[in-house]
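# Next comes the sequence, and after it the predicted model I'd like to discuss.
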Amino acid sequence: MSVSPELEGLRRIAPSRFLSFSFPNPFLGHASDPYGDGGDGGGDAGECLRIAVLDSPLPAPPIPRTAAMLVPAGRHRDWIFSTRAGHLHLLLSTQFSRLILVGPELSAPSPRVIPCAARPDPDPAHARLLPLLLALCPVALFRDNAVPDVPLLTFHDDILLLAPVKFVIGTVVGEMVVEDVAIGSAPGPPELCRRLRFKRMPCLVQTQVRLCQSPAAAAASSSLLEALEGSDGMLQPEVGGSLVQPYLQAMVAGLAVIAPSIEERIQSGVRPRCLCAGVGGGSLPMSIRVGLQFNVLGVEADGVVLDVARNHFGLVEDEFLHVHVGDAIQMIEDFARRGEPDMNFSAVIVDLDSSDAMCGVSAPPLEMIHGSVLLAARTILNQHGVLILNVIPPPADGSFYTGLIDVLRQVFSELYEIDVGNGENFVLVATVSHETKLTDNSGHFLTALRKLAGDFLEHIRKI
């Protein structure tokens, strides 16, 4: 039997190589079928499965390990499992050099609302897949005629139900999806949320807000499934409420280091000003404007994203919240160059991710951490201002984070760090003044800040 050159090439690891192909479904008619019709959104596999193979972009060890993963039932069209960018994120979250995804073909249908509960033990399925998985292993694993171990990994998140609401194409970010989800929050009851994701970085939730049911919807639905199935116009986002995403809570907590200055401005009747570089669905600028009484300017690169924020996430502009379409980094530099007196910000908050999805999820973009850009950001801050950065170090560059800290030290006076605790995000807080300190003062501003930032005020540390 002849083997295609692409499959023959899999005998060795080739950094970043990706290929996918169809393979006869070994589960058909068998009790181990992970996609059998169990009344939970399964029954989505046909006569063939989609096999996708990706090699890590990182240097391979002498014996490169291989693992496989079953795509969760019903989620085979989800960009996490159907795109190279999503596959890469899954691979980089493991210690393996090659990850094989096994799931239904992308043409297979999926339900309107997808149940996402964990499947039973995949071991029976593993046995039927093992001959294929061994055939896709690099030859280096068969040292001394040993049969390698190819573990079958499982994917877990906190999503119980998922219902896509709308797919949209942006002029800058490309394809994006608005989706409603039921999220497990044990020991409490599940929460209904709406979130925004981009196809180029499918594993990164750009925005997530809680949903409220109208009285009519609450009366008509007796379950989460019914609430999501009838969600058209019946579920509305919470506007300006508490932040759902922990990293956003941590970013807001960074304002605590200049709390005395902000409190003084508020007491004198002057609204503090904040520049939000990156708007997404708008939950961060809305919470700062409503919860902290700031005057907020948001800058978003893609006007379609702003339309989505207005139509699906409750973004409302008024005299104290303005949003503009444009390059946030360029706008910071332009403000600094013009030296306009009204660009006297108390905070510049940067929530921008890298545009290079194939490097894995990372933030901020490299353009943001140039010394000239950081100096421009300092220029538009007032004498007690603060720069707050969401940082996701690239998986392939261990020196990125320490290098960023070194550059910030050259431009700003003091640095603080908040570890978000999710294994990915860190928040760096850089101050213009040396006269900053964390205070236990229970003034009006800190009281309001704690409602948005939760326990993250206790996690700020000076570095």
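Yep, that arrived. Residues are numbered from 1 along each chain as shown.
# which residues are contacting the helix or strand hosting residue 248?
Using DSSP states H and E, residue 248 falls within helix 246-253. Contact partners of helix 246-253, identified using C-beta atoms under 8 Å, 6 or more residues apart in numbering, comprise 243, 283-284, 287-288, 292, 349, 351, 388, 390, 418, 420-422, 425, 427, 449, 452-454, 456-457, 459-460. (Glycine included, C-beta is placed from N, CA and C.)
# Can you tell me which of those residues are buried?
Buried members of the contacts of helix 246-253, scored by 16 or more other C-beta atoms under 10 Å, are 243, 283-284, 287-288, 292, 349, 351, 388, 390, 418, 420, 425, 427, 449, 452-454, 456-457, 459-460.
# Out of those, list just those in strands.
Among the buried ones among the contacts of helix 246-253, the members falling in strands (DSSP state E) are 349, 388, 390, 418, 427.
# Against which helices or strands is the strand or helix carrying residue 206 packed?
In this structure, residue 206 sits in strand 201-213 according to DSSP H and E. Contacts defined by 3 or more C-beta pairs under 8 Å, 6 or more residues apart in numbering; DSSP states H and E place strand 201-213 against helix 79-82, helix 84-92, strand 191-198, strand 235-237, helix 283-292.
# hmm, who's touching that strand?
Here strand 201-213 makes contact (C-beta under 8 Å, 6+ apart) with 78-80, 83, 85-86, 89-90, 176, 180, 191-198, 221, 227, 234-238, 241-242, 244-245, 280-283, 309, 313-314, 353, 357, 361.
# Count residues in the vicinity of residue 385, would you?
For residue 385, the neighbour count with other C-beta atoms under 10 Å is 26.
# Enumerate every residue touching it.
Contacts for residue 385 (C-beta under 8 Å, 6+ apart) come out as 258, 345-348, 378, 431-433.
# For residue 328, state which of those residues is nearest.
Taking C-beta to C-beta as the measure, residue 328 sits nearest to residue 348 out of the contacts of residue 385, at 9.4 Å.
# For burial, what's the neighbour tally of that closest one?
26.
# Quick check: it vs residue 85, distance?
29 Å (C-beta to C-beta, to the nearest Å).
# and what of residue 371?
Residue 371 is 30 Å from residue 85, by C-beta to C-beta.
# Taking strand 201-213 as reference, get the angle to the helix holding residue 248.
80 degrees (axes from the mean of the first three to the mean of the last three C-alpha atoms, to 10 degrees).
# Average pLDDT for helix 246-253, rounded please.
Helix 246-253 carries an average pLDDT of 96.
# Ok, stretch 368-376 next?
94.
# So what touches it?
Residues outside stretch 368-376 that contact it (C-beta under 8 Å, 6+ apart): 277, 329, 332-333, 335-337, 350, 352, 367, 387, 389, 403-404, 407-408, 410-412, 430.
# quick one: low-confidence ranges for the stretch 101-250 of the chain?
In the predicted model of the stretch 101-250 of the chain, residues 118-122, 214-222, 230-233 satisfy pLDDT under 70.
# residue ranges of the helices in it, please?
With helices called from DSSP state H, counting those that start in this stretch, the stretch 101-250 of the chain shows them at 123-135, 215-220, 224-229, 246-253.
# Mean neighbour count and distance to residue 46 for the ones you listed - can I get that in TSV?
Shown next, in TSV, are the helices of the stretch 101-250 of the chain (neighbours: other C-beta atoms under 10 Å; distance: least, C-beta to C-beta, whole Å):
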stretch	mean neighbour count	distance to residue 46
helix 123-135	15	16
helix 215-220	12	35
helix 224-229	18	25
helix 246-253	25	40
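# right, and the ones you listed - which one's nearest residue 165?
In terms of C-beta to C-beta, the element of the helices of the stretch 101-250 of the chain nearest to residue 165 is helix 224-229, at 9.5 Å.
# What helices and strands are in contact with that closest one?
strand 159-170, strand 174-183, strand 191-198.
# Export only the CA atoms of it, formatted as PDB.
Output of helix 224-229 as PDB, limited to C-alpha atoms (Å, rounded to 0.1, in the frame of the first residue of the first chain):
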ATOM      1  CA  LEU A 224     -30.800  26.500  31.300                       C
ATOM      2  CA  LEU A 225     -31.300  24.600  28.000                       C
ATOM      3  CA  GLU A 226     -34.700  26.300  27.400                       C
ATOM      4  CA  ALA A 227     -33.300  29.700  28.300                       C
ATOM      5  CA  LEU A 228     -30.500  29.400  25.700                       C
ATOM      6  CA  GLU A 229     -32.800  27.800  23.000                       C
END
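# got a list of contacts for that helix?
Contact with helix 224-229 is made by 112-113, 160-161, 163, 180, 182, 190, 192, 213, 217, 220-221, 234-235, as judged by C-beta under 8 Å, 6+ apart.
# Which pair of those residues spans the longest distance?
Maximum distance among these (C-beta to C-beta): 20.0 Å, for 160 and 220.
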